[in-house]
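Asker: Requesting a structural model of the entry that follows:
(chains A, B, C and D)
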Number of protein chains: 4
Amino acid sequence: MEGKKGLKIVTIGGGSSYTPELIEGFIKRYGELPIRELWLVDIDRGKEKLEIVGNLAKRMVKKAGVPIDIHLTLNRKEALKDADFVTTQFRVGLLDARKKDEEIPLKYNVIGQETNGPGGLLKGLRTIPVILEICRDIEELCPNAWLINFTNPAGMVTEAILRHSSITKVVGLCNVPIGMKMKIAEMLGVEQSRVHVQFAGLNHMVFGLDVFLDGVSIKEKVLKEMGNPENAMTMKNIAGVAWDSDFLQALNAIPCGYHRYYYKTDEMLAEEIRASQEEGTRAEVVKELEKDLFELYKDENLSIKPPQLEKRGGAYYSDAACSLIHSIYTDKGDIQPVNTRNNGAIASIPYDSAVEVNCVITKDGPKPIAVGDLPVHVRGLVNSIKSFEITAAEAAVSGDYKKALLAMTINPLVPSDTIAKKILDEMLEAHRENLPQFFDSVEA
Amino acid sequence: MEGKKGLKIVTIGGGSSYTPELIEGFIKRYGELPIRELWLVDIDRGKEKLEIVGNLAKRMVKKAGVPIDIHLTLNRKEALKDADFVTTQFRVGLLDARKKDEEIPLKYNVIGQETNGPGGLLKGLRTIPVILEICRDIEELCPNAWLINFTNPAGMVTEAILRHSSITKVVGLCNVPIGMKMKIAEMLGVEQSRVHVQFAGLNHMVFGLDVFLDGVSIKEKVLKEMGNPENAMTMKNIAGVAWDSDFLQALNAIPCGYHRYYYKTDEMLAEEIRASQEEGTRAEVVKELEKDLFELYKDENLSIKPPQLEKRGGAYYSDAACSLIHSIYTDKGDIQPVNTRNNGAIASIPYDSAVEVNCVITKDGPKPIAVGDLPVHVRGLVNSIKSFEITAAEAAVSGDYKKALLAMTINPLVPSDTIAKKILDEMLEAHRENLPQFFDSVEA
Amino acid sequence: MEGKKGLKIVTIGGGSSYTPELIEGFIKRYGELPIRELWLVDIDRGKEKLEIVGNLAKRMVKKAGVPIDIHLTLNRKEALKDADFVTTQFRVGLLDARKKDEEIPLKYNVIGQETNGPGGLLKGLRTIPVILEICRDIEELCPNAWLINFTNPAGMVTEAILRHSSITKVVGLCNVPIGMKMKIAEMLGVEQSRVHVQFAGLNHMVFGLDVFLDGVSIKEKVLKEMGNPENAMTMKNIAGVAWDSDFLQALNAIPCGYHRYYYKTDEMLAEEIRASQEEGTRAEVVKELEKDLFELYKDENLSIKPPQLEKRGGAYYSDAACSLIHSIYTDKGDIQPVNTRNNGAIASIPYDSAVEVNCVITKDGPKPIAVGDLPVHVRGLVNSIKSFEITAAEAAVSGDYKKALLAMTINPLVPSDTIAKKILDEMLEAHRENLPQFFDSVEA
Amino acid sequence: MEGKKGLKIVTIGGGSSYTPELIEGFIKRYGELPIRELWLVDIDRGKEKLEIVGNLAKRMVKKAGVPIDIHLTLNRKEALKDADFVTTQFRVGLLDARKKDEEIPLKYNVIGQETNGPGGLLKGLRTIPVILEICRDIEELCPNAWLINFTNPAGMVTEAILRHSSITKVVGLCNVPIGMKMKIAEMLGVEQSRVHVQFAGLNHMVFGLDVFLDGVSIKEKVLKEMGNPENAMTMKNIAGVAWDSDFLQALNAIPCGYHRYYYKTDEMLAEEIRASQEEGTRAEVVKELEKDLFELYKDENLSIKPPQLEKRGGAYYSDAACSLIHSIYTDKGDIQPVNTRNNGAIASIPYDSAVEVNCVITKDGPKPIAVGDLPVHVRGLVNSIKSFEITAAEAAVSGDYKKALLAMTINPLVPSDTIAKKILDEMLEAHRENLPQFFDSVEA
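Answerer: Below you'll find the predicted structure:
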């Protein structure tokens, strides 16, 4: 796989605040994952951050004493040439765009939800054309590379790549499953390694169909604990509104944090409105966090990942990526939940759609473990999000306004075609500069 | 099929205000559908209505000069003995129950929707145990009879019969498709017989996937017309809130009137609140209509179906039933949209679930015409309703409170598990007398 | 659909001995199927036959007094321009090729079977490239035309068109189902119109899953009668080896005549060897029949279809074609068994594969009626033939020798890869002139 | 899982000559697989062998110094009480029955094939009722036990248990996949642990869809090597008739040894006839081998598995069983090819059917890895064997003669219903004493 000796890894959106976690992950695994070159790529607008983060990265590898060459560049094509792995973690329009994704829907009493909600639609419309361009570059410059995508909305992006590019070596990655597993271990007071969760569903719509402690199912116990409002598992970026205990037991599967948007829509909306008034949107909170992080990163004396980074919602993302790359490279055969082509693993999802499901990770890629079908009572919601993702990807590729309206209307968080149109129109306008396919008359 | 000569038909809920339409339908078809006996069955509480309607029925057949014996009875078993066709059109708890189905959810700002919504759940919980008892009687007393169900929620009821009884000769019937076809013909100013609609979906969640005039697709034209607010097709019992024209074109399929509850939830809710304040719920409106109808029916000089009956939302229901019975009896091979076992006709719905789809009607029952799959953008919503129907049927059969809560929460009209619980608890209590499986400690 | 007034129909392979039946069919239906022009197209080598048949056709329409213009041409493109329907009934390599298809395998103790057997493979390899050329002409010259294919192997050809062309308006036609229905009616001594057979399977591998007389299943009775050696239904071109009565009852479905090749392989082989020694192959018999027919056709006084034509195995083919065209043109909505895209009608066959199944015939094409799944005990054989058809079509398109060997080896009539290779090599050589994709170095 | 401390394991058919391998396997793994008691169960007729093997087993554990209590019993129920694992390796009718399974079909020029062929049908008819009795005992006496079946025909037996018992904790085991992997490693001259094969199909009808060396596909190389007659991989009990190299490359998947029966039927038949004349049937050869083995086992000084055992065709069977039990008990999560419920792993096989496919082995059982679909060209044959297995299992359970005839006729090795009947009738008679369901009038 690797060119000379050691691997060439390319990180697109390398100026991200998450990068130090990635570096830490690579350093930690250097013994089994011999990286020769790591290229951090960013765009003009991100040049300053790239340099701050890149310099920290250089200090980190130096301190660790591993011979990884760190390259910083704004030239994506140069970076991709003969790469072995490409990771993507960029944000088209940066956090300002996320702010709009969250704020505009709220004006219409609709949750923005930047991945599976109206905000996610707009994020997809901005992101998918860029990721498909990257795919075309990969085909040309490093056709044997694996693309590890953790750019959100990761489910919709993976769907788009599977349907609208010729790339097949792609894996979508999310930190939600690992977060669920950690919370469960913590809740039970046991070591993580003893807990195994049978994950199946879609990105940010993944269920733990069963949970095992040392191989024995403890699902009932976990569901009972989760019904206890004190314990309610959640992610840092999702308000911890408590589950109804009877509902959880009837659900008979572990929901992820994002399920609250769909099973507790009114409560989450109220909480988002409150938070946006009192604290600003999540985007604004994150913006502050990032600012502080970059201040830290500038410190010439810092040569490790600062612990403050773990406060970001995306914690464990980069570690999950390193772990995935490690398992692919070493043909490890361990089980990881990733976004990949369904291939029959989940009965009610099309074979050629992306799902998030436990896979055996091999050098030949992730091999999904068949779960048969999802419980009948979750098939509807899961299919609603899959319908949304496919339709949104089509809108992103075609720049077709009506398709975008259709995607917005069928999103379960949006109450009507009328509201959908209002939100869409305002958001398209707000993101105009990053949506050439909708505004550039030559393209459209 | 028939016993001696001529058919024995049994109508359960025979005291319904719809019965005169059924009688008219049978009279009209007598030449090809030789009915020997028609048994109208009702329960004690409906005795008075049964007599009023039954006497009108007798006057109708007498005037028409057809030798159909009309029997009125409160003894269901006696009626069912050796029947050839059994039709069901009863309402457990009568219109008072419907009133609660509509009013209680509205208190929580949730649409009641008496078929696929929260009201439909409670209606199902009341109705399914009764219909399954009827199924057991049919197995015993007339195992070769066809059960033609038009008791709502017809989709959920057909699902429950397919899954929880051993009856296979069952057809669920709805007047929505015929109504859509009539409206389209009217909109285009052409005769109905020239219009053919390719129906597929679920009960009250059926789409016209294509529309043909003299065999040539006119879907685009129809969608354009429907986007014109002046033309917006609707049913008498559903507020005619206008569709967004762009959305309709992107939808690329003809929605039924009930789709407004899901694609225009906020507008329909506002309309329901307004109407309930100004006009009372639909149940109350219907109650008034029914009262007037029964006054008319009492008139000894009346011996035809009074034209006022057509104002009821259920218009054409009984005619559809007569037409279906006629086609089964004569092995006609015509195409009718009915609720039947999917059997692969719609790809994303399980083989053994009920769907509403065009079928060839034969003496051996309806044979669904394969449509491949529904458009990707409607699969989510359709599966949500199917998840709801299956879960609701399980709750109805088991009397399991948690299952009922699960069904209520996953209904797309219900915003959260918290609200679901409040609505469910109040409704279970309100319908306590008709829900023995939830309250009778021996059963539960 | 039609251009000016009346339809333009094109028959490729117009010089076939079957053509008079087609003409008769069109004359008979002229009232509802107003044909303006009928173009009979053939190739150079068939010019003489084309003229003989064409002149008979002209005499026939003249005598019948219908204003159909008969055009005879060797220029396919001229003929196709603006056609409404195109029928194909040609034979690449003529009967001499069929003779080889039947004789060469017999040398290796293998049944030739010119449709689903080794002979069918070679016939497909010769025919598919030609039919795909015709498809390209249709796309260019008459993109709205329906292609009605009754060139054998009709299943494999339809599969190839669905997978390897962009034509979707194609129907494959076979006379086996109509023949089965006629035989059953005859066996029971009732009128054909009272019998309805639920056909499902593949071309020449079609089963009657149920049989109805006046709408009531009589499958058991028919299977019992068929087990009686005196009654054994068969086609003129398939030896009537008797079914084992116990086997038939366990099969619980009506086999077609061609099933004998698979369920009675050794007996059919013995019979073919005997016949080829005593009577020559079927190809030789047919050659004689055809010679006699053309002698008859030359008679200037003949202006009707001569009754002798019915002795040919393909009886009712052309009438079935006329009936299909009639139903499409008039949007009739009757039920006919044809070869079309499965679309979910048969569960264990891919959605995008050709099946032979009862369809509702509309102006928008055939709509297959869902049968759920085939009985478990026939799924294996049916899938074996489908595997063979798909692999053979791939070999025909690619000219890949190994693919052709694979198709030959997996055919259920062929005992081993070793024998497959011997047969294939000898047959490829024998048909060299009609297999440019395997021999022309530029193509391959 | 275990009762007191350590596991209780029960081996039905404990007097088998394979048992020493099993004992060796348990001894080897004792550190991680703490077995308290091993019960060897046999029937009256096998008492002598049970004692010989049982005593050897006792000497083996003694020598190894592991505290496993070996119990010998003819009382199955006593043995099963509270078992943790039950393994089955019995042979109803012993080797004499196998002799008939192989000899009788040969009289009719048909390969007996004791697993997927006519012999396998009769073996299934004898075995399935016994295994279903064992299942009923397990339900009653040790409902939490895992049943590890390696009684042949293992595919048909697993299918029968899944469909006709309430046991879900069952795994069917075969040594064919491990044998294929070993041969490939040997052929390439590399260590087994570096080779990974993607197995999918049915028992004795399993394909290597891909082969990896250190995670990199080497399928092409392996297929090329296999096409070299000198290298042709095979099993000890299957004649090594050489594959055609072009066919193998077109097949594009690694066949197992048993595929020769289907892709090289005539050659294998010739070989079986030759061998039966020159060497006796395989049953007779095995009988001699067994006799010799038992002579060895009697030797009081023998306290290890004698190396001669590896000459038996079933080599590695018992080791595979130990390895599977070990992985279940320790929740190991490694990948093993076993027979289990498909659950969507292979697209063209029903969800509820048994398949042989790579699974992740956990304490909760084997979790099949989704392969999408089998290559189109093998779907037919695989489905033919699955049709055969399901039909045979139904015949075994019902004792229905016609079903048995149907199973025999649809087997790909059997040329006709006529021959099927002859073979079946003679075999039923020959095995009469072990087929009460076909002969006992009370049962039938």
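Asker: element containing A:Ala97?
Answerer: According to DSSP states H and E, A:Ala97 maps onto helix A:94-107.
Asker: Any part of that helix near chain B?
Answerer: No: using CB under 8 Å from any CB of the partner chain, helix A:94-107 stays clear of chain B, with a minimum separation of 13.5 Å. C-beta coordinates here come from the backbone N, C-alpha and C atoms, glycine included.
Asker: packing partners for that helix?
Answerer: Here helix A:94-107 touches helix A:118-141, helix A:265-278, helix A:282-298, helix A:417-430, going by 3 or more CB pairs under 8 Å, 6 or more residues apart in numbering or on different chains; DSSP states H and E.
Asker: Helix A:282-298 and that one, what's the angle between them?
Answerer: Put simply, helix A:94-107 runs at 160 degrees to helix A:282-298, going by axes from the mean of the first three to the mean of the last three CA atoms, to 10 degrees.
Asker: Now do helix A:94-107: everything it contacts.
Answerer: With contact meaning CB atoms under 8 Å, 6 or more residues apart in numbering or on different chains, helix A:94-107 is reached by A:45-46, A:91, A:111-114, A:117-120, A:122-123, A:126, A:272-273, A:276, A:281-284, A:286-287, A:290, A:413, A:423, A:426-427, A:430-431, A:434.
Asker: Ok, stretch A:411-423 next?
Answerer: Residues from elsewhere that reach stretch A:411-423, judged by CB under 8 Å, 6+ apart: A:104-105, A:108, A:110-111, A:113, A:116-118, A:121, A:261-262, A:265, A:381, A:384-385, A:388, A:405, A:408-409, B:243-244, B:246-247, B:263-267, B:380, B:412.
Asker: what are the ranges of the strands in the stretch 101-250 of chain A?
Answerer: For the stretch 101-250 of chain A, the strands defined by DSSP state E, counting those that start in this stretch cover A:146-149, A:170-172, A:195-202, A:205-213, A:216-217.
Asker: Need those in TSV (columns: distance to D:Ser323 and mean neighbour count).
Answerer: Shown next, in TSV, are the strands of the stretch 101-250 of chain A (distance: least, CB to CB, whole Å; neighbours: other CB atoms under 10 Å in any protein chain shown):
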stretch	distance to D:Ser323	mean neighbour count
strand A:146-149	31	24
strand A:170-172	30	26
strand A:195-202	20	27
strand A:205-213	21	23
strand A:216-217	21	13
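Asker: Dump those strands to TSV, plus distance to D:Glu295 and mean pLDDT.
Answerer: Listed next are the strands of the stretch 101-250 of chain A as TSV, based on distance: least, CB to CB, whole Å; pLDDT from 0 to 100:
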stretch	distance to D:Glu295	mean pLDDT
strand A:146-149	58	96
strand A:170-172	58	97
strand A:195-202	49	98
strand A:205-213	48	98
strand A:216-217	46	96
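Asker: excluding its backbone neighbours, what's nearest the closest residue to chain C within the stretch 51-200 of chain A?
Answerer: Closest to chain C within the stretch 51-200 of chain A is A:Arg163: 16.9 Å, counting by CB to the nearest CB. Spatial nearest neighbour of A:Arg163, chain neighbours left out: A:Ala393 (6.2 Å); criterion: CB to CB, 6 or more residues apart in numbering or on different chains.
Asker: Ok, A:Lys403 next?
Answerer: With sequence-adjacent residues excluded and distances taken as CB to CB, 6+ apart, A:Lys403 is closest to A:Ala395, at 3.8 Å.
Asker: separation between that neighbour and C:Phe388?
Answerer: 42 Å (CB to CB, to the nearest Å).
Asker: Of the two, which one has the most company?
Answerer: Comparing A:Ala395 with C:Phe388 by other CB atoms under 10 Å in any protein chain shown, the one with more neighbours is C:Phe388, at 32 against 26.
Asker: pretty sure that one is touching C:Ile410, no?
Answerer: Yes: counting by CB atoms under 8 Å, C:Phe388 touches C:Ile410, with 5.7 Å between them.
Asker: overlap in contacts of the two?
Answerer: Common contact partners of C:Phe388 and C:Ile410 (CB under 8 Å, 6+ apart): D:Gly380.
Asker: Just read off the phi/psi values of the residue of the stretch 201-350 of chain A found nearest chain C.
Answerer: Of all residues in the stretch 201-350 of chain A, the one sitting closest to chain C is A:Pro350 (11.1 Å; CB to the nearest CB). The phi/psi pair for A:Pro350 (degrees, to the nearest 10) reads phi -60, psi 150.
Asker: just to revisit the earlier point, just want the angle from the helix holding A:Ala97 to helix A:265-278.
Answerer: Angle, helix A:94-107 to helix A:265-278, by the same axes, to 10 degrees: 120 degrees.
Asker: Just want the angle from helix A:94-107 to helix A:417-430.
Answerer: Going by the same axes, to 10 degrees, helix A:94-107 makes 150 degrees with helix A:417-430.
Asker: send the alpha carbons of helix A:94-107 over as PDB?
Answerer: Extracted C-alpha coordinates of helix A:94-107, given in PDB (Å, rounded to 0.1, in the frame of the first residue of the first chain):
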ATOM      1  CA  LEU A  94     -16.400  27.800   8.800                       C
ATOM      2  CA  LEU A  95     -18.200  28.300  12.100                       C
ATOM      3  CA  ASP A  96     -20.000  31.400  10.700                       C
ATOM      4  CA  ALA A  97     -21.800  29.100   8.400                       C
ATOM      5  CA  ARG A  98     -22.700  26.800  11.300                       C
ATOM      6  CA  LYS A  99     -24.100  29.700  13.200                       C
ATOM      7  CA  LYS A 100     -26.500  30.500  10.300                       C
ATOM      8  CA  ASP A 101     -27.400  26.800  10.100                       C
ATOM      9  CA  GLU A 102     -28.500  26.900  13.600                       C
ATOM     10  CA  GLU A 103     -30.000  30.400  13.900                       C
ATOM     11  CA  ILE A 104     -32.100  30.700  10.800                       C
ATOM     12  CA  PRO A 105     -34.400  27.700  11.400                       C
ATOM     13  CA  LEU A 106     -34.800  28.800  15.000                       C
ATOM     14  CA  LYS A 107     -36.500  32.000  13.800                       C
END
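Asker: Can you tell me which residues in the stretch 301-444 of chain A are near chain D?
Answerer: A:330-331, A:333-335, A:342-347, A:351, A:360, A:362-364, A:367-373.
Asker: follow-up on the earlier one: ok, the residue of the stretch 51-200 of chain A closest to chain C - how many residues close by?
Answerer: 15.
Asker: Distance of it relative to chain B?
Answerer: 11 Å (CB to the nearest CB, to the nearest Å).
Asker: What parts of the stretch 1-150 of chain A come near chain D?
Answerer: Proximity of the stretch 1-150 of chain A to chain D, by CB under 8 Å from any CB, involves no residues.
Asker: Nearest to chain B: which residue in the stretch 1-150 of chain A?
Answerer: Nearest to chain B in the stretch 1-150 of chain A, going by CB to the nearest CB, is A:Asn109, at a distance of 8.5 Å.
Asker: before we move on, the earlier item: could the helices and strands packed on helix A:94-107 go into CSV alongside distance to B:Ser318, mean neighbour count and mean pLDDT?
Answerer: Shown next, in CSV, are those (distance: least, CB to CB, whole Å; neighbours: other CB atoms under 10 Å in any protein chain shown; pLDDT from 0 to 100):
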stretch, distance to B:Ser318, mean neighbour count, mean pLDDT
helix A:118-141, 44, 23, 97
helix A:265-278, 40, 16, 92
helix A:282-298, 56, 17, 88
helix A:417-430, 34, 20, 97
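Asker: looking at these, which is closest to B:Leu223?
Answerer: helix A:417-430 (13.3 Å; CB to CB).
Asker: returning to what we had before: contacts only, for the residue of the stretch 51-200 of chain A closest to chain C.
Answerer: Counted by CB under 8 Å, 6+ apart, A:Arg163 has contacts A:352, A:390, A:393.
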